[in-house]
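S.K.: When you get a sec, could you give me coordinates for this:
(chains A and B)
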Amino acid sequence: IAGITQAPTSQILAAGRRMTLRCTQDMRHNAMYWYRQDLGLGLRLIHYSNTAGTTGKGEVPDGYSVSRANTDDFPLTLASAVPSQTSVYFCASRASGAFTGELFFGEGSRLTVL
Amino acid sequence: DAKTTQPPSMDCAEGRAANLPCNHSTISGNEYVYWYRQIHSQGPQYIIHGLKNNETNEMASLIITEDRKSSTLILPHATLRDTAVYYCIVRVNAGGTSYGKLTFGQGTILTVHP
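M.R.: Residues are numbered from 1 along each chain as shown, chains lettered A, B, ... in the order given. As a prediction, the model looks like this:
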């Protein structure tokens, strides 16, 4: 079934460690996004990419980096994890030019930083 | 993007219509109204969107007031599986560098009971 795959689904990480959350989509969507979801704060945009080779900052980009080397993959890296980055992370994609503007979301990666 | 206001929670009996309101009094002429929902522990799911006309699809109906300052999502025959957080979002559905960013607020927790 076509869609978005995130990995890992869950991870416990020591503070100070480097971590990369993986996101792969097979829908050939140009635009991809990373969100974090925290209780009481809803979904907040971290970084986005409108097309391969370009990235942009969202609402809460500090402490995170992304790359978009190709259309399918959009990894999110925490260079030195801190406890405040404990969250559920969602990757999403969207077909540029699609009138519906529908975002397709992955199932999330739950990250705990101790 | 215009700010939206939704009630924090609502209840609905199974088989009845669920009517979820959203206020977006600062909406601009080129901003669309989108609805997503998030079932517990899953990624958000697109439901419907519209500009000024009422819209209907297999999941729901969207009623937008004539002045576009508010809208209502209608689930015509709610089931237990419709229990979720429902997000109302307004944004420009345009191309270019602004393409695709959706800002999710707190949403409405809809509980469908037997």
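S.K.: Residue 92: neighbouring residues, count only.
M.R.: All of this refers to chain A. 27 (other Cβ atoms under 10 Å in any protein chain shown). For glycine as for every other residue, the C-beta is placed from the backbone atoms N, C-alpha and C.
S.K.: actually chain B
M.R.: 17.
S.K.: any idea how far chain A is from it?
M.R.: 10 Å (Cβ to the nearest Cβ, to the nearest Å).
S.K.: OK, contacts around whichever residue of chain B sits closest to chain A?
M.R.: In chain B, no residue comes nearer to chain A than residue B:43, which is 3.2 Å away by Cβ to the nearest Cβ. Contacts for residue B:43 (Cβ atoms under 8 Å, 6 or more residues apart in numbering or on different chains) come out as A:4, A:90, A:92, A:105, A:106, A:107, A:108.
S.K.: Confirm that it sits in a helix.
M.R.: No. Per DSSP: H, G, I helix; E, B strand; the rest coil, residue B:43 lies outside any helix segment and is coil.
S.K.: before we move on, the earlier item: buried subset of the contacts of residue B:43, written for ChimeraX?
M.R.: ChimeraX command restricting the contacts of residue B:43 to the buried ones, with burial defined by 16 or more other Cβ atoms under 10 Å in any protein chain shown:
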select /A:4,90,92,105,106,108
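S.K.: what helix or strand does the spatially most central residue of chain A sit in?
M.R.: With distances taken as Cα atoms, centre = their mean, residue A:34 lies nearest the centre of chain A, 2.8 Å away. For residue A:34, the element it lies in under DSSP states H and E is strand A:31-38.
S.K.: Pull the residues that contact that strand.
M.R.: Residues contacting strand A:31-38 (Cβ under 8 Å, 6+ apart): A:21, A:23, A:25, A:43-51, A:58, A:60, A:64, A:66, A:68, A:74, A:76, A:85, A:87-96, A:103, A:108, B:99-101, B:104.
S.K.: strand partners of the helix or strand of chain B with the lowest mean pLDDT, parallel vs antiparallel please.
M.R.: The least trusted helix or strand in chain B, going by mean pLDDT, DSSP states H and E, turns out to be strand B:84-92, with a mean of 90. Next to strand B:84-92 in the sheet, as set by DSSP bridges, lie strand B:31-38 (antiparallel), strand B:108-113 (antiparallel).
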